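Colleague: Dropping the sequence and predicted coords here.
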Amino acid sequence: MVHALAASLGISDSAAVRRLDSQARQQTALEGLRSPGVDARGAFFDGEGRLTVNVTAPDTARHVETAGLRARLVRHSAGELARVKTALDKYAEIHTPAGVRGWGVDPVSDTVVVHVRDTTAAGTKAFLKRAASHDSAVTVRHDAGRAVSTAGSIYPGSRMDYGNHYCSVGFGARTSSGQQVLVTAGHCVETLPDLYFNGTHFAKGTTTRFHHGQTSIDMGLASVDAGTTIATQVGTWNNGANIAVQGSQRAAVGSDVCKSGATSHWTCGSIKSYNYSVTYTDPGQPATLVTNLGLSDTCDLGGDSGGPWVSGNQGQGMTSGGQTDNQCNGVYGQGTSYFQPLDDTLRYYGLKLNTA
């Protein structure tokens, strides 16, 4: 093993021995951890030879680091991913996907990775649709590493990170010249940041009409990286099938509406008003007047900003904000929320919405 490892890495035998010894010591340290939040299934060695342990809570991360290991805060626990994998197994037992090479939990990407060989083979499209119902917990890849039609797709409602903050992915659209853009809440791209999905760069903020301390409109855009697409289906966080968006026709006041977001996930209510003005008082920021919003009793929470709103199969807007006392206890948890209308945003920037 030493000789083979040394040859494959292009290092000396003694360096290979040190590498193996280091791995063994770290494995022993992992086995000695007794924190209930530590799951060995979520551990992996990174490119530097450090054993990294995926955790979902800061307290657990500190416990891991005290043991001399590297902790990484992730969205999905090892147990959650294992359940997703089991669900796909059970589905495949009845509907075998002939074009899927295999699938399994990948702690590096913090997802269940599905490797696709042929999307036209029997049962494959149905399997991929079932996999997509698990939203950000599943990644689809082509055998050769090239993304298939769903592999490079990011579902509206998924979490997107920037700096020490996060928002939710909004709608995909294109400019008159065909450039692919992400339509989002303006405050999510106020500083024109780089945007990341599951640790991978996928877009960069390019323009916004939101500025703290100034009268604002909460709309903005980000350019989408080549090879990445924003899916035309809104993720429902396992509350039924994803919603295929077919347009942006504005729903009337009183219409049922639902929103998808990274924090409160899938919540529903009704539209109460349009052309609504709100004074936002964000901690550490001057008061900001935001006009032309939609008002709803749909519940939302911090981090849902930018995520999509739909009524039927029509896109309605992107989450702008809400009350700090919102209680999102289930799909119909009541609250007060505000959204930036989608049709206004498309019209202002001269965009064409990507539809299913």
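Modeller: Structure received.

Colleague: Which parts of the stretch 151-300 of the chain are strands?
Modeller: 153-154, 159-162, 165-168, 171-174, 180-184, 194-197, 200-208, 220-224, 229-230, 233-234, 243-244, 256-261, 265-280, 288-298 (DSSP state E, counting those that start in this stretch).

Colleague: remind me which residues of this protein are low pLDDT?
Modeller: Along the chain, the parts satisfying pLDDT under 70 run over 1-9, 143-152.

Colleague: run the last query once more with 50
Modeller: The model of the chain has pLDDT under 50 over residues 144-151.

Colleague: so where do the helices sit in it?
Modeller: 2-9, 13-31, 58-66, 78-94, 124-132, 342-349 (DSSP state H).

Colleague: Check which helices and strands the longest one is in contact with.
Modeller: Read it as helix 13-31. Helices and strands touching helix 13-31, by 3 or more C-beta pairs under 8 Å, 6 or more residues apart in numbering; DSSP states H and E, are helix 2-9, strand 43-45, strand 51-55. Glycine gets a C-beta too; all of them are placed from N, C-alpha and C.

Colleague: Of all the helices of the chain, which one is nearest residue 224?
Modeller: helix 342-349 (14.1 Å; C-beta to C-beta).

Colleague: list the buried ones in that closest one?
Modeller: Within helix 342-349, the residues scored as buried using 16 or more other C-beta atoms under 10 Å are 342, 343, 344, 345, 346, 349.

Colleague: Dump those residues to a markdown table, plus distance to residue 237.
Modeller: Below are these laid out as a markdown table (distance: C-beta to C-beta, whole Å):
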| residue | distance to residue 237 |
| --- | --- |
| 342 | 20 |
| 343 | 25 |
| 344 | 26 |
| 345 | 24 |
| 346 | 25 |
| 349 | 28 |
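
Colleague: Closest to residue 105 out of those?
Modeller: Nearest to residue 105 among the buried residues of helix 342-349, with distances taken as C-beta to C-beta, is residue 342, at 35.5 Å.

Colleague: ok, now how distant is that closest one from residue 116?
Modeller: Noted for residue 342: a distance of 31 Å to residue 116, by C-beta to C-beta, to the nearest Å.

Colleague: same question, residue 85
Modeller: 16 Å.

Colleague: Which one's more surrounded, the two?
Modeller: A direct count of neighbours by other C-beta atoms under 10 Å for residue 85 and residue 116 places residue 116 higher, at 25 against 19.

Colleague: And that one, how far from residue 242?
Modeller: 18 Å.

Colleague: Pull out the buried residues from stretch 22-32.
Modeller: Here stretch 22-32 shows 26, 30 as buried, counting by 16+ other C-beta under 10 Å.

Colleague: Outside of that stretch itself, list whatever touches it.
Modeller: For stretch 22-32, the surrounding residues in contact (C-beta atoms under 8 Å, 6 or more residues apart in numbering) are 38, 40, 43, 45, 49, 50, 51, 53, 67, 68, 69.

Colleague: With stretch 54-72 instead?
Modeller: For stretch 54-72, contacts defined as C-beta under 8 Å, 6+ apart pick out 26, 29-30, 32-33, 35, 37-39, 42-44, 46, 50-53, 73-78, 107, 110.

Colleague: Can you select the buried ones among these for me in PyMOL?
Modeller: This is how PyMOL selects the buried members of the contacts of stretch 54-72, with burial counted by 16+ other C-beta under 10 Å:
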select buried, resi 26+30+33+35+37+38+39+42+43+51+52+53+74+75+76+77+78+107+110
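
Colleague: Residue 313: neighbouring residues, count only.
Modeller: There are 15 residues near residue 313, going by other C-beta under 10 Å.

Colleague: List the residues that contact it.
Modeller: Counting by C-beta under 8 Å, 6+ apart, residue 313 has contacts 243, 244, 245, 246, 247, 356.

Colleague: Could you do residue 183 as well?
Modeller: Residue 183 touches 170-173, 219, 221, 318, 342, 345-346, 349, 351, 353, counting by C-beta under 8 Å, 6+ apart.

Colleague: Save these as TSV, and put in distance to residue 199 too.
Modeller: What follows is these, written out as TSV (distance: C-beta to C-beta, whole Å):
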residue	distance to residue 199
170	20
171	23
172	21
173	25
219	27
221	23
318	23
342	28
345	28
346	30
349	29
351	28
353	28
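
Colleague: from those residues, which is closest to residue 121?
Modeller: residue 172 (27.4 Å).

Colleague: pretty sure residue 100 contacts residue 115?
Modeller: Yes. Residue 100 is within contact range of residue 115, at 6.9 Å (criterion: C-beta atoms under 8 Å).

Colleague: more crowded one of these two?
Modeller: Higher neighbour count among residue 100 and residue 115: residue 100, with 23 against 18, using other C-beta under 10 Å.
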